[in-house]
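Visitor: Following is a predicted model, sequence given first.
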Amino acid sequence: MSDPLRVDILRELATAHRERTVEPVGFADLRKRVGVRDSGRFRYHLNELRDNFVRKDEGGYRLTVTGIETVAAILAGTYTHGGSLGPESIDSDCSECGADAVAVYRDGRCGVTCANDHLLFAWSLPPAAAADATLPEVVSLAELYARQAIERALAGVCPKCSAPVEPRIVTEDDDPGPDGTEPVGPLPGLRVRCETCGGRLVGPVGFCLLVDSAVADFYRRHDRSLDALRVWEPAFVADDDTVSVAERDPLRVAVDVTLDGDRLAVTVDGSGRVSVREE
């Protein structure tokens, strides 16, 4: 993908795929679509895309699954920067100091902090997803992406590339940051690292509860919707005092979930699996 011409080839194959549905595109037709007069130059770059992004069939060329996903990422703006919104106050408070939550979207990343710089939430969002949206809508969409990513990661699927991953709960500073030196995220915390694409998911243990059906049912029985809360608002996400290490071998982390005086005893094992018992 190092040459813009290769990107243009993928774009035109994607356009042809939408127009023709299943028919491959012949060499001459594809070169005409891309607008390259030098046949040798065009053939060289097309061959560089073969196998991984483009497949040659009888009658012409078509995108592979990887090619389709790559074009989709390009059109979504995943590989570009641009677009910014905020800072702007949103309808939420900082769980640590009570100040108004403030959101900002820049360079494909949505972040929510407060006036005292307490980080509440951060998630990547392609520019195309944020186009023509208000900042509160961008935050809500980023939260949706986050919940979906957490659910997939806990199921053992990388949210970015769909390769197998192994979610784990860590209790020590044994998870280095991208530079290999500094730990990241709260402890105890959820860590997921994809060995295929390098994608990472880092967050509190409470992330595991956000997508658990038994915890959601407990909220509904108290006339509340867990999905209606911001990702950073539930006490089991925001309050470190609700989380404690119950056992270390095998690892069990206890999480206190209390509503209207009723308590749900929750434990999370070393792989992020949630078990509940109502008390």
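Guide: Happy to help now that I have it.

Visitor: Next, the buried residues of stretch 7-20.
Guide: For stretch 7-20, the neighbour count (16 or more other Cβ atoms under 10 Å) marks 7, 9-10, 12-14, 16-17 as buried. For glycine as for every other residue, the C-beta is placed from the backbone atoms N, C-alpha and C.

Visitor: and of those residues, the nearest to V192?
Guide: Nearest to V192 among those: L10, at 29.4 Å, using Cβ to Cβ.

Visitor: How many neighbouring residues does D117 have?
Guide: By the measure other Cβ atoms under 10 Å, the count of residues near D117 is 10.

Visitor: wait, R55
Guide: 16.

Visitor: How about E172?
Guide: Around E172 there are 8 residues (other Cβ under 10 Å).

Visitor: So which of the buried residues of stretch 7-20 sit within strands?
Guide: Taking DSSP state E, every one of the buried residues of stretch 7-20 sits outside strands.

Visitor: Just name the closest of those to R43, please.
Guide: I9 (10.9 Å).

Visitor: measure that closest one to A73 for me?
Guide: 16 Å (Cβ to Cβ, to the nearest Å).

Visitor: doesn't A254 fall inside a strand?
Guide: Yes: the assignment for A254 is a strand, going by DSSP: H, G, I helix; E, B strand; the rest coil.

Visitor: And it, how close does it get to G59?
Guide: 62 Å.

Visitor: Check V237 too.
Guide: Taking Cβ to Cβ, one finds V237 at 54 Å from G59.

Visitor: same check, this time on A142
Guide: Separation of A142 from G59 (Cβ to Cβ): 43 Å.

Visitor: can you check R273 too?
Guide: Taking Cβ to Cβ, one finds R273 at 50 Å from G59.

Visitor: Neighbour count: the two, which is higher?
Guide: R273 (13 against 10).

Visitor: residues contacting that one?
Guide: Neighbour list for R273: 154, 208 [criterion: Cβ atoms under 8 Å, 6 or more residues apart in numbering].
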